[in-house]
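S.K.: Please work out how this folds:
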Amino acid sequence: MASLSVPGVEDPDGTGLTAPVCRTVTPDGDVLLLVPGDCAAARAAAYAQDDDLTAVMEITDVAPVSVPHRIRGRAWLAGWLTPVRNGRRAEAALLLAERHPVGELLGLGEALHPEPAPGLSGRTAWMMLRLEVGEGAVDDLWGAGPVEPDDFAAAAPDPLVAHETELLQHLAAAHGEQVRGLCTLLGERGRVCGARERAVPVALDRFGLRVRFTDPAQRSFDARFDFPEPVRDVTELRRAMHTLFEAAAQ
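M.R.: Alright, predicted model coming up:
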């Protein structure tokens, strides 16, 4: 989930927040956003001069499975907001379409118009915005700290990001006992496993699996199970998970 705020500018609902329907990152590290044409951020960007409009985007990462304390982390990106103009609209639309091929992009046709206007059947027009990142910060399961713009631009998506939701839900629904059995790999911490009612996979990336163990009193702790080496795709992930489950069963 993401929200975009412009200091000093409020939406009609008084929150001052705009929810981009889709977003992506350019090779240069700018963030492209598709937003309703009548939202506060779009209106402010349309009348701003050059790059004098500052904005902050907050991203909330929520676990795609039912688990206590579902928010896995938050990130903030602050910088300068401008409309995507003229000949750059088609390039921006292509990048957004690669990230979001269906659904949210039904408004891209309107966003490509030189002057976004109310759409057919009264539907609000859309606008593409560009956020030039000046600073960032992250606070998640791995810790908290600043993010430099150059590091943000150089970062690459985890190879499992497009599959994580489906994989975590599958592990929780079809492999619950095997996931719970991973507790035997925790050494001294594994002694409390017998008191734990639930074990839910809460995060998955190329480096490993994070599981949240919860007891009847709703007390919980997270455990990270690293793979022998980073996986590059779902095929390698299956082998890594099989190795983990085998080790836990011994």
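S.K.: can you point me to the longest strand in this structure?
M.R.: strand 126-140 (DSSP state E).
S.K.: top helix in the protein by residue count?
M.R.: helix 234-249 (DSSP state H).
S.K.: before we move on, back to that, pull out the buried positions in the longest strand of the chain.
M.R.: Residues of strand 126-140 classed as buried by neighbour count (16 or more other Cβ atoms under 10 Å): 126-133, 136, 138. C-betas here are computed from N, CA, C, even on glycine.
S.K.: all strands for the chain, in order.
M.R.: With DSSP E as the criterion, the chain has strands spanning 2-5, 17-18, 22-25, 31-36, 54-62, 71-83, 126-140, 143-147, 198-205, 208-214, 220-226.
S.K.: Dump those to TSV, plus distance to Arg99 and mean pLDDT.
M.R.: Output for the strands of the chain, formatted as TSV (distance: least, Cβ to Cβ, whole Å; pLDDT from 0 to 100):
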stretch	distance to Arg99	mean pLDDT
strand 2-5	13	91
strand 17-18	18	69
strand 22-25	4	92
strand 31-36	9	92
strand 54-62	14	95
strand 71-83	16	95
strand 126-140	13	94
strand 143-147	20	95
strand 198-205	18	93
strand 208-214	25	92
strand 220-226	28	91
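S.K.: Show me what the spatially most central residue of the chain is bridged to.
M.R.: Residue closest to the mean C-alpha point of the chain, counted by Cα atoms, centre = their mean, is Asp61 at 5.4 Å. Bridge pairing for Asp61 (DSSP bridges) gives the partners Gly73.
S.K.: contacting residues around it?
M.R.: Residues near Asp61 by Cβ atoms under 8 Å, 6 or more residues apart in numbering: 71-75, 140.
S.K.: Over to Ala46?
M.R.: 83, 127.
S.K.: Could you do Ala223 as well?
M.R.: Ala223 neighbours (Cβ under 8 Å, 6+ apart): 182-183, 186, 189, 210-211, 213.
S.K.: From Glu58, how far out is it?
M.R.: Using Cβ to Cβ, to the nearest Å, Ala223 is found at 28 Å from Glu58.
S.K.: any idea how far Asp226 is from Asp205?
M.R.: Applying Cβ to Cβ to Asp226 and Asp205 gives a distance of 10 Å.
S.K.: Compare neighbour counts for these two and give me the winner.
M.R.: Set side by side, Asp226 and Asp205 show more neighbours around Asp205, with 16 against 12, by other Cβ atoms under 10 Å.
S.K.: Show me the beta-bridge partners of Leu4.
M.R.: Residues in beta-bridge contact with Leu4 (DSSP bridges): Thr18, Met57.
S.K.: mind listing what it touches?
M.R.: 17-20, 33, 35, 41, 55-57, 81, 129, 131.
S.K.: From those, list just the buried residues.
M.R.: Here, 16+ other Cβ under 10 Å leaves 17-18, 20, 33, 35, 41, 55-57, 81, 129, 131 buried among the contacts of Leu4.
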